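**Q** Need coordinates for the below:
(one chain, ligands or ions: 2)
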Amino acid sequence: MQDIIEEGHPTLRQAAEAVEFPLTDELKATALAMHEFLVNSQNPEIAEKYGLRAGVGLAAPQINLPKQIFAVHIMSYDEEGNEAEPLLSEILFNPKIISHSVQEVALRDGEGCLSVNREVPGLVPRPRRIRLRYQDMEGKEHELRLRDYEAIVVQHELDHLKGIMFYDHINQQQPWYEKPGLELL
Ligand SMILES: CNC(=O)c1cccc(C)c1Nc1nc(N2CCN(c3ccccc3Cl)CC2)nc(N2CSC[C@H]2C(=O)NC)n1
Ligand code: NI
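**A** Ligands and ions are numbered 1, 2, ... in the order given. Below you'll find the predicted structure:
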């Protein structure tokens with residue numbers, strides 16, 4: 001996996017450019033490596049061995065590639081905490097939110113980011129439900145309706161394609177302020 005760049009690197013504040021199809025073999029390999037990185041980062045043995053921080057989403061600008069690509073790998077877990085089936089495991093190209101709810105949601109413990117090696121406390125309010133359009137590796141168009149955790153992760157990665165960091169959404173005066181109607185997860 002190419003190195004993950006950290007906040008302060010200018011690429012994280014750039015707008016990523018659209019991806020042309022068909023993908024070059026190099027871009028295909030990079031996209032697959034981004035997804036594989038997430039899978040490995042969630043495996044305790046591998047993460048320990050290679051010193052990987054766990055993530056469920058990774059955007060191309062985070063490996064210094066300003067292209068509209070991100071990978072997500074979100075698994076569901078059974079009551080014993082064992083991995084069950086994937087909730088959303090995908091590599092998305094040229095993703096775009098086409099509509100979203102007024103109602104907002106936030107992770108009650110805040111958000112983390114593989115490019116931010118520090119805790120930035122505070123709620124990150126985001127639309128609770130989104131409708132998303134994207135292309136897959138072959139360039140085929142898809143439409144997806146997401147809510148709650150999957151919607152949060154996808155919006156966090158979409159922000160990276162626009163040069164937005166999760167802490168840009170935190171209320172600086174009152175980071176833990178729960179605005180009316182905000183659903184906490
Ligand atoms: C400051 N407090 C916090 O971060 C925070 C604190 C507590 C709870 C949550 C829920 C928090 N928040 C948060 N936790 C995550 N993980 C939980 C652990 N998990 C994981 C870990 C180990 C193995 C497998 C897995 Cl699956 C990996 C994913 N991920 C994100 N984000 C924000 S959206 C993109 C996504 C991301 O991938 N970040 C790197 N936020
Ligand atoms: Ni991030």
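
**Q** what does the protein put close to ligand 1?
**A** Contact residues (C-beta under 6 Å from any ligand atom) of the chain with ligand 1: 42, 54-57, 107, 109-114, 119, 152-153, 156. C-beta: built from backbone N, CA, C; applies to glycine.

**Q** Can you list which of those are found in helices?
**A** Counted as lying in helices by DSSP state H, out of the residues of the chain next to ligand 1, are 152-153, 156.

**Q** Name the residues of the strand or helix carrying residue 131 that come out as buried.
**A** Assigned by DSSP states H and E, residue 131 belongs to strand 129-135. Of the residues in strand 129-135, 130, 132, 134-135 count as buried by neighbour count, 16 or more other C-beta atoms under 10 Å.

**Q** helix or strand right after that strand?
**A** Next helix or strand after strand 129-135 toward the C-terminus (DSSP H and E): strand 141-147.

**Q** Could you list the buried residues of stretch 83-96?
**A** 87-88, 90-95.

**Q** That should have said stretch 7-17, apologies.
**A** Buried residues in stretch 7-17, counted by 16+ other C-beta under 10 Å: 11-12, 16.

**Q** what's the answer for stretch 154-169, then?
**A** Using 16+ other C-beta under 10 Å as the test for burial, stretch 154-169 gives 154-161, 163-167, 169.

**Q** Which of those residues sits closest to residue 179?
**A** Nearest to residue 179 out of these is residue 169 (C-beta to C-beta; 11.8 Å).

**Q** Contacts only, for that closest one.
**A** Counting by C-beta atoms under 8 Å, 6 or more residues apart in numbering, residue 169 makes contact with 124-126.

**Q** repeat that for 7 Å
**A** 124-125 (C-beta atoms under 7 Å, 6 or more residues apart in numbering).

**Q** just residue 57 next, same as before
**A** For residue 57, the contact set (C-beta under 7 Å, 6+ apart) comprises 70, 72, 153, 156-157.

**Q** With residue 178 instead?
**A** Residue 178 sits next to 123, 184 when contact means C-beta under 7 Å, 6+ apart.

**Q** Name the nearest of the buried residues of strand 129-135 relative to residue 47.
**A** Ranked by distance to residue 47 (C-beta to C-beta), the buried residues of strand 129-135 are led by residue 134 at 27.3 Å.
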